[in-house]
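Enquirer: got a structure for you, letters missing:
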């Protein structure tokens, strides 16, 4: 793998950082397009993505530090060691607060943020894969199993490239969500994202190296079940988010294309980054 892509005047450009920056730019661009389509100020989309990214990384780091509070080392305070669900919770809280501040209808906003969120996650996981940052899985003899001798957390043992599994699924899911975003109710779009992404992470954890914490499940699996439950609720609920201008309709009902402007998106050790 390539933790360092290239140097510029002796300054190493890391694949992990490049992937995260690219994820932010792509997500902000797509969300800005959706804001413009709905007649909202696209600059606010960029503000929300940047704020959610910064606070999300802080949330992911704090979650990691809290989880390892009993045995922290100076390495834990470095550029590695982030937990996705900590970042997701902090990021969602940030965009909800900002959406309310901008007086955006949360139901419609949830529908347009799902595809950019999934796409950003897929791009970010490519960076994890290239960096060999420890998010890989258990040893495997499958044809596509990989060793990461030059990774940030190296291993000479072929393992499941779980970051690649997650990336491929997230990119495919992003395409699906982008296709259905104007065809089904907005909250159903986000519900589909929550249900499928939570299910995918739950299954990937089966071949990841994380400790069980409850009923034979890892901590990410428990959060995945929460995400799946939220997604299932949104999909079966027949009530739209108040304030999006819609009456009560089945969430999965096919909606007409709306193009009008509305003025009111060695065996490796347990993973350090989840």
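Expert: Looks like it came in fine. What you see is a predicted model; the values in this text were computed from it and never measured.
Enquirer: OK, contacts around residue 2?
Expert: By Cβ atoms under 8 Å, 6 or more residues apart in numbering, the residues touching residue 2 are 15, 130, 131, 150. Heads up, the C-betas are built off the backbone N, CA and C, glycines and all.
Enquirer: and it, how far from residue 33?
Expert: Applying Cβ to Cβ, to the nearest Å, the value for residue 2 to residue 33 is 31 Å.
Enquirer: number of nearby residues for residue 12?
Expert: 11 (other Cβ atoms under 10 Å).
Enquirer: all helices of this protein, in order?
Expert: Taking DSSP state H as the test, the helices found in the chain are 15-37, 42-67, 84-101, 106-131, 162-180, 186-204, 219-236.
Enquirer: now do the third one against helix 106-131, angle only.
Expert: With axes from the mean of the first three to the mean of the last three Cα atoms, to 10 degrees applied, the angle from helix 84-101 to helix 106-131 works out at 150 degrees.
Enquirer: and helix 84-101, what's buried?
Expert: 84-92, 94-95, 98-99 (16 or more other Cβ atoms under 10 Å).
Enquirer: what does the fourth one give?
Expert: For helix 106-131, the buried set under the neighbour-count rule, 16+ other Cβ under 10 Å, comprises 106-131.
Enquirer: other SSEs contacting it?
Expert: Contact partners of helix 106-131 among helices and strands, from 3 or more Cβ pairs under 8 Å, 6 or more residues apart in numbering; DSSP states H and E: helix 15-37, helix 84-101, helix 162-180, helix 186-204.
Enquirer: avg pLDDT for that helix?
Expert: Helix 106-131 comes out with an average pLDDT of 92.
Enquirer: ok, the last one next?
Expert: What helix 219-236 shows for mean pLDDT is 92.
Enquirer: low-confidence stretches in the protein?
Expert: 68, 72-82, 238-274 (pLDDT under 70).
Enquirer: residue nearest the centroid of it?
Expert: Nearest to the mean C-alpha position of the chain, counting by Cα atoms, centre = their mean, stands residue 121 at 3.9 Å.
Enquirer: could I get the contacting residues of that one?
Expert: Contacts of residue 121 (Cβ under 8 Å, 6+ apart): 23, 84, 166, 170, 197.
Enquirer: same list, the residues you listed, but as a markdown table with distance to residue 230 please.
Expert: Below are these laid out as a markdown table (distance: Cβ to Cβ, whole Å):
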| residue | distance to residue 230 |
| --- | --- |
| 23 | 23 |
| 84 | 16 |
| 166 | 19 |
| 170 | 18 |
| 197 | 11 |
